[in-house]
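In: Below are the sequence and a predicted model; questions follow.
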Amino acid sequence: MMPDARKRRVAEAAFERVRDQLDANTALGIGTGSTANHFIDVLAESKIDFLGAVASSKATEERLSHYGIELLDLNMTGTLPVYVDGADEADPRLNLIKGGGAALTREKIIAEASRLFICIADDSKRVDVLGTFPLPVEVIPMARSLVGRALVDLGGDPEYRPGVVTDNGNIIIDVHGLSITDPKQLELAINQIPGVVTCGLFARRPADLLLLATETDILEFTRDA
């Protein structure tokens with residue numbers, strides 16, 4: 001099965017998990033990237049009436065608006081019942097690396113504001129130890145060199161992502177060469193570097209439910225498993 005077909009199937013599976021929660025008073029959090037886009041497509045095609053969505057990026061806002069889905073402000077919605085998003089890597093404890101699409105900060109904010117975080121991906125994203133995918137770090141531009149040196153001290157090989165400006169007006173540094181055996185501690189250490197907005201480790205607030213599409217099935221993992 002081609003990758004897009006897997007993404008579509010796992011998006012459909014996520015929709016089935018949230019369908020019963022959708023009504024005129026329900027606000028959803030929706031992430032960024034190709035798999036999240038499939039979820040938006042499935043949501044729109046369902047024609048189910050719900051309040052609207054808090055988007056994690058301008059790109060997601062544009063896709064939601066294309067379908068006429070109401071854009072909501074997180075400051076007005078309060079706690080969200082569900083957040084659906086993809087990931088670049090997921091470990092057995094449902095810690096994630098996110099940020100390949102440079103939306104990690106807003107994604108982390110929405111995840112924190114949600115009672116249930118459903119992560120959707122294909123089975124290639126499941127790993128025993130995080131770090132094969134370079135870890136994105138959002139950085140205030142003037143701190144680029146400072147943060148880079150600090151990331152070297154933490155054992156990484158930082159690389160500036162050229163030509164990328166986040167929706168928050170910042171830059172991305174991708175950190176290669178990491179084997180992340182203690183994701184929560186590394187997340188804390190990186191986030192404490194002056195100039196770092198946040199890093200793409202979702203360990204302090206991991207996913208609650210991970211849905212993975214294989215060639216033939218949808219695999220389901222929870223943090224309690």
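Out: On my side now, so go ahead. Only a predicted model underlies this, so the values are computations on that prediction, with no experimental measurement involved.
In: which residues does residue 200 contact?
Out: By Cβ atoms under 8 Å, 6 or more residues apart in numbering, the residues touching residue 200 are 88, 97-99, 104, 135-137. Heads up, the C-betas are built off the backbone N, CA and C, glycines and all.
In: redo that, cut-off 6 Å
Out: 97-99, 104, 135-136 (Cβ atoms under 6 Å, 6 or more residues apart in numbering).
In: again with residue 198
Out: Residue 198 neighbours (Cβ under 6 Å, 6+ apart): 105, 108, 138, 191.
In: quick check, the first one in a strand?
Out: What that stands for is residue 105. No - counting by DSSP: H, G, I helix; E, B strand; the rest coil, residue 105 is not part of a strand but helix.
In: Can you flag the buried ones in the contacts of residue 200?
Out: 97-99, 104, 135-136 (16 or more other Cβ atoms under 10 Å).
In: Please identify which of those residues is nearest to residue 123.
Out: Nearest to residue 123 among the buried ones among the contacts of residue 200: residue 97, at 15.7 Å, using Cβ to Cβ.
In: now, which of the buried ones among the contacts of residue 200 sits nearest residue 158?
Out: Closest to residue 158, out of all of these and judged by Cβ to Cβ, is residue 135, at 9.2 Å.
In: Mind listing what's buried along the top helix by length along the chain?
Out: Longest helix of the chain, by residue count under DSSP state H: helix 3-18. By neighbour count on 16+ other Cβ under 10 Å, the buried set for helix 3-18 is 6-15, 17-18.
In: So which elements touch that helix?
Out: In terms of contacts (3 or more Cβ pairs under 6 Å, 6 or more residues apart in numbering; DSSP states H and E), helix 3-18 is packed against helix 34-46, strand 114-122, strand 209-213.
In: Report the inter-axis angle for the host helix or strand of residue 111 versus helix 34-46.
Out: Using DSSP states H and E, residue 111 sits in helix 104-112. Taking axes from the mean of the first three to the mean of the last three Cα atoms, to 10 degrees, helix 104-112 and helix 34-46 form an angle of 50 degrees between their directions.
In: on that earlier part again, closest to residue 167 out of the helices and strands packed on helix 3-18?
Out: helix 34-46 (14.7 Å).
In: Please pull up the helix or strand immediately following that closest one.
Out: Scanning forward in sequence from helix 34-46 by DSSP H and E, the next helix or strand is strand 52-55.
In: now that following strand, how far from the centre of its chain.
Out: Offset of strand 52-55 from its chain centre (Cα atoms, centre = their mean, to the nearest Å): 14 Å.
In: and if you look at stretch 125-133?
Out: Taking mean C-alpha positions (Cα atoms, centre = their mean), stretch 125-133 and its chain are 15 Å apart.
In: Counting neighbours, which bits of it end up buried?
Out: 125-127, 130-131, 133.
In: can you list contacts of it?
Out: Identification of contacts with stretch 125-133 by Cβ under 6 Å, 6+ apart yields 87-91, 97, 178-180, 183, 212.
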